[in-house]
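Peer 1: Only the shape, not the letters, is given here:
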């Protein structure tokens, strides 16, 4: 809501500056986001009289105006010829500045004639957006008068963020009321004195409400014989600064009164209303009306229409219809001032997708008591600006609801706020706010809630008013006595543990958006995704079913940006549909590509399967997962020969592998991409943080290095498993330290070299004992894998 | 050999021996010199062997001289040997020299995401104050996300921010982690002291100051006698732990349907201490929204709103991270750009 400061001060004549007002209002909950000064650049523009207008010698469109601002005469080149000799116009001489132009004006030659300044349009002066002609000043001002001074444009505008609970702040009066409460400067009421005609409004038109729930109050006033002229310049300037477009004086009057009081008003051309009469009723399903914006709209029985005695003429609380629109020939006006139920207006506004100044106010809640006030104020302004006769009285149906009475216990207020509040304190606060109250006893203050305070329904609403008026800065600072130990749930702590492990393994954490596109779905082979029904963009149509697609795209972006050796991980939630409900699971993924070596000291190489697997091994160890195994290839989008499922017993913990070359190519990554994905929930189920300490061995180990030659296709893990089994209890550690193929080994053969430590807990092993173990191992591996012991 | 000759030989050998030792330039040469001056075939040994044939007086006198010479030569040999060994080692060390300016061997270092770092820090402050972390689903039902939080279907607050709905009827992506408040209060009797960190969603185009997915740390305290002053003191304690001991907290009235009185909380700027600078503008950093839990919310969770009061607050993790680290574009948080992430190397627990 934009509030013009001079306007605000008409209703609360404080001498606070704009900055002070902004600070004060912000401290009271009407946050001033910005102080605008729309006429800051309006300097040096004066009123001048046109003496002569003649053709420009070198142009068909331009003309020359001889003007005087009381001193010497001067000639200016003008683009539009709408002023006549004798007219008063705004003159911006050399050195003057106007809001619409970035540079000060100077005398300059236009088509061979020197223009000694410029005559201004309303747009150039920042009064309206009108730029079709020079502003012809309607008021009788002395030439030479400073334009800005004359129209009080040394003004500023407070741009206030209005919270949904305070629709009363959507008006100058509402803000003035708050300033009055904060400063103690008394609030003034708008001038609604009317010189009424003898003719009575209720003898001219009728009003009938067929749905009193949706429209509890409807009031019409009639003004006959209005003239047609623009509204006063200052009014136009204020409307523009408030974000509205000046149209004609009669329409401007309704908008001006609405901005002032907060009561939306709608003028109909009385001659175009059948009856003439107003009927407020629900629409018939499919009923149509062309609204003022020229769009034909269809309605449902949940929409409320304003009709004349035959047909709809307006959408209640949202926008008027074209059929009874005001025009240049309108003589008589029927002015609507009504109170509509909030929810209904909101539903209609949403359904037809049309938000207006009126609907914004109605759907947040207007003051039923302001219905006559708004109408009277607008009539007064119409009479003032357009002439015309205001008919006596009004035509009204329905009425304002009774005021709510809400009570406050000072003891309760003290408890909630945290400092003592007495009944007198509370009463003072309500008095400041202009809310009638009664101290019933020391611990009960009854408040009569004015119609404009739609937000006050129960005690706590009053408590807030007390502390707001007294000032939030009065609130003290204490800490509640917490009688528990803080901490995190196991799942939360487990995810932190995983992040720490991956970080130590040299990987960087990312956090990506939770959305997925159709393409991601294909990339991930995701089943049962959850669809977002109102995505902002097509690539956010689903919730991600796994982390890998987003992670791979993140890797891709880094590769495109020439980052060397990208290694990223994410720990986040993935979503799937399961039996019609959402299944959310914590997941973990990592991906790495490019140079794995970082310094001169390592041989250059790129990330591959074993990097990802190594990271995963460290992760499983850190998580306390002791028993796991390598399963079959992981499937798409992994490389069939360079990937594996990771199992813990029967459960799939996740998968590790290189990304399928065809996907790598599609992502234009050029090189191997190693990745892994883990189901954090399953991982946690297999994790153990228990540590059981065994005694440190007292006897020395016997170390034997054993190299076995096996077929190239024989996987290492079962060989090692068999070795351990055959070795029995005496094997303490077994390290696969070399894998080798090529001469002198035969074709299709490889050597697996293990370094084993043998140890007994109670004695030093003899060579004979160690030899026996080695023999057992060799026999077992020979029979199971055809392995041949090379050296040992 | 007579005693005079022996005497002469000893004198000659002293001079010759010391000079041979001194000129030995390797351990091999020194060994040869040792054999030459003190070995069995040396002239010195000949003198020693001849001593037995001299009369006792000469034997004693020349014996002493011979011993004295041997000691002198031996000590010269030792000294020379040490010198040679030192030089030898120096030669070996010189050959072992490396370029110490080359970078060291190290493991790859990863990094935590700035939002993780900041969230951990914030959560850590509250858990040390005795708060427990609670989590809830990211896909919420209308009750927990709106209704129970005092936001009925036609409430204007529903239009404040657009929500993302999913295909499951009545469910949406949570717009605040406040939903966790409700879940906690529904399942646990007061006293309740919790923080709820997590992801939240808005239907919003992503730009420098907006994200459709962002993170909050929500706090809730419900107990007997909890006041607005407790809220202020708690947030002050938090702000001082996060931004330094001299921070002050300012509350301005604000509106959130689930709290009343509601407030917007700002912290005096940690850069300029409240005088105004590029970080804060006017000396205050707006940090979070908060307030006293609305009695209707307590009632919705079956809590006696007359007996218990509470406060709640919601802190934007991105907001804190941006202020803290001078991040000017929110998109950096979700891009996964290593050039951004690596700046947080070494940070975090």
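Peer 2: Thanks, I have it. Note that the structure is a prediction, hence the values are computed from the model and not measured.
Peer 1: Could you use CA atoms for every contact and neighbour count after this?
Peer 2: Fine.
Peer 1: you'd agree residue A:63 is up against residue A:56?
Peer 2: Yes. Under the contact definition of CA atoms under 8 Å, residue A:63 touches residue A:56, with a separation of 4.5 Å.
Peer 1: What secondary structure category should be reported for residue B:309?
Peer 2: Recorded secondary structure, residue B:309: strand (DSSP: H, G, I helix; E, B strand; the rest coil).
Peer 1: before we move on, back to that, list residues touching both of residue A:63 and residue A:56?
Peer 2: In the contact map built from CA atoms under 8 Å, 6 or more residues apart in numbering or on different chains, the residues linked to both residue A:63 and residue A:56 are residue A:77.
Peer 1: Residue A:18: neighbour count?
Peer 2: Close neighbours of residue A:18, defined as other CA atoms under 10 Å in any protein chain shown, add up to 19.
Peer 1: Could you report the distance from it to residue A:242?
Peer 2: 16 Å (CA to CA, to the nearest Å).
Peer 1: what does residue A:77 give?
Peer 2: In this structure, residue A:77 and residue A:242 are 33 Å apart, going by CA to CA.
Peer 1: Tell me which of these two has more neighbours.
Peer 2: Comparing residue A:77 with residue A:242 by neighbour count (other CA under 10 Å), the higher total belongs to residue A:77, at 25 against 18.
Peer 1: Quick check, pLDDT for the more buried one.
Peer 2: According to the predicted model, the pLDDT of residue A:77 comes to 92.
Peer 1: so does stretch B:134-144 get close to chain A?
Peer 2: Yes. Stretch B:134-144 reaches chain A (CA under 8 Å from any CA of the partner chain) through B:134, B:137-139.
Peer 1: Under the pLDDT cut-off, which ranges of the stretch 151-300 of chain B? List them.
Peer 2: Counting by pLDDT under 70, the stretch 151-300 of chain B shows low-confidence ranges at B:156-157, B:159-161.
Peer 1: residues contacting the residue in the stretch 251-400 of chain A that chain B sits nearest to?
Peer 2: With CA to the nearest CA as the measure, residue A:343 is the residue of the stretch 251-400 of chain A nearest to chain B, at 5.6 Å. Applying CA under 8 Å, 6+ apart to residue A:343 gives the contacts A:363, B:154-155.
Peer 1: Try it again at 7 Å.
Peer 2: Contacts for residue A:343 were tallied using CA atoms under 7 Å, 6 or more residues apart in numbering or on different chains; they are A:363, B:154.
Peer 1: Distance-wise, check residue A:165 relative to chain B.
Peer 2: Residue A:165 sits 7 Å away from chain B when distances are taken as CA to the nearest CA, to the nearest Å.
Peer 1: Next up, identify which helix or strand that residue is on.
Peer 2: Secondary structure assignment for residue A:165, by DSSP states H and E: no helix or strand.
Peer 1: what kind of secondary structure is the closest residue to it other than its chain neighbours in?
Peer 2: Distance criterion CA to CA, 6 or more residues apart in numbering or on different chains; nearest residue to residue A:165, sequence neighbours excluded, is residue A:455 at 5.5 Å. The three-state label for residue A:455, taken from three-state DSSP, comes out as coil.
Peer 1: for residue A:784, same thing?
Peer 2: With three-state DSSP as the criterion, residue A:784 reads helix.
Peer 1: where does chain A dip in pLDDT?
Peer 2: Within chain A, the stretches with pLDDT under 70 are A:525, A:791-792.
Peer 1: rerun at 50
Peer 2: A:792 (pLDDT under 50).
Peer 1: Give the helix, strand or coil label for the spatially most distant residue from the centre of it.
Peer 2: Among residues of chain A, the one most distant from the C-alpha centroid is residue A:768; the distance is 78.2 Å, by CA atoms, centre = their mean. Secondary structure state of residue A:768, per three-state DSSP, is helix.
Peer 1: I'd like the distance between it and chain B.
Peer 2: In this structure, residue A:768 and chain B are 42 Å apart, going by CA to the nearest CA.
Peer 1: Residue A:32 too?
Peer 2: Applying CA to the nearest CA, one obtains 12 Å for the distance of residue A:32 from chain B.
Peer 1: Repeat that for residue A:123.
Peer 2: Counting by CA to the nearest CA, the gap from residue A:123 to chain B is 32 Å.
Peer 1: do residue A:594 as well
Peer 2: When CA to the nearest CA is applied, the distance between residue A:594 and chain B equals 13 Å.
Peer 1: For the stretch 151-300 of chain B, list the residues in contact with chain A, please.
Peer 2: The interface of the stretch 151-300 of chain B toward chain A, taken as CA under 7 Å from any CA of the partner chain, is made up of B:154, B:156-157, B:164-168, B:203, B:213, B:225-230, B:232-234, B:251-255, B:260-261.
Peer 1: Restricted to buried residues, select those in PyMOL.
Peer 2: Typed into PyMOL, the line below selects the buried ones among these, using 16 or more other CA atoms under 10 Å in any protein chain shown:
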select buried, chain B and resi 154+156+157+164+165+166+167+168+203+213+226+227+228+229+230+232+233+234+251+252+253+254+255+260+261
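Peer 1: All the helices of the stretch 251-400 of chain A, residue numbers only.
Peer 2: A:342-352, A:357-364, A:370-386 (DSSP state H, counting those that start in this stretch).
Peer 1: Quick one: list the elements packing against the longest one.
Peer 2: The helices and strands touching helix A:370-386, judged by 3 or more CA pairs under 7 Å, 6 or more residues apart in numbering or on different chains; DSSP states H and E, are helix A:249-261, strand A:333-339.
Peer 1: So which residues of the stretch 51-200 of chain A form helices?
Peer 2: Under the criterion DSSP H, counting those that start in this stretch, the stretch 51-200 of chain A carries helices at the ranges A:122-125, A:147-150, A:172-183.
Peer 1: Is the longest one positioned near chain B?
Peer 2: Translated: helix A:172-183. No. Under the criterion of CA under 7 Å from any CA, chain B is not reached by helix A:172-183; the shortest gap measures 12.9 Å.
Peer 1: Check chain A and tell me which residue is nearest its centre.
Peer 2: When CA atoms, centre = their mean is applied to chain A, the residue found nearest the centroid is residue A:536 (12.7 Å).
Peer 1: and the residue nearest to it when sequence neighbours are not counted, what does it touch?
Peer 2: Here the nearest residue to residue A:536 in space, its sequence neighbours aside, is residue B:203; by CA to CA, 6+ apart that works out to 6.4 Å. Residues near residue B:203 by CA under 7 Å, 6+ apart: A:536, B:162-164, B:212.
Peer 1: So which residues on the stretch 101-250 of chain A come close to chain B?
Peer 2: Counting by CA under 7 Å from any CA, the stretch 101-250 of chain A comes close to chain B at A:163-164.
Peer 1: At which residues are the strands of the stretch 101-250 of chain A located?
Peer 2: Taking DSSP state E, counting those that start in this stretch as the test, the strands found in the stretch 101-250 of chain A are A:108-110, A:113-115, A:118-119, A:157-161, A:196-200, A:206-209, A:217-224.
Peer 1: quick revisit: for the contacts of residue B:203, give me JSON lines that also has secondary structure and distance to residue B:104.
Peer 2: Rendered in JSON lines, the data for the contacts of residue B:203 read as follows (DSSP: H, G, I helix; E, B strand; the rest coil; distance: CA to CA, whole Å):
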{"residue": "A:536", "secondary structure": "coil", "distance to residue B:104": "49"}
{"residue": "B:162", "secondary structure": "coil", "distance to residue B:104": "53"}
{"residue": "B:163", "secondary structure": "coil", "distance to residue B:104": "52"}
{"residue": "B:164", "secondary structure": "coil", "distance to residue B:104": "50"}
{"residue": "B:212", "secondary structure": "coil", "distance to residue B:104": "43"}
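Peer 1: which strand is the longest one in chain B?
Peer 2: The strand that spans the most residues within chain B, counting by DSSP state E, is strand B:213-224.
Peer 1: Okay, now the sheet partners of that strand, with direction.
Peer 2: Looking at strand B:213-224 with DSSP bridges, its partner strands are strand B:192-201 (antiparallel), strand B:308-316 (antiparallel).
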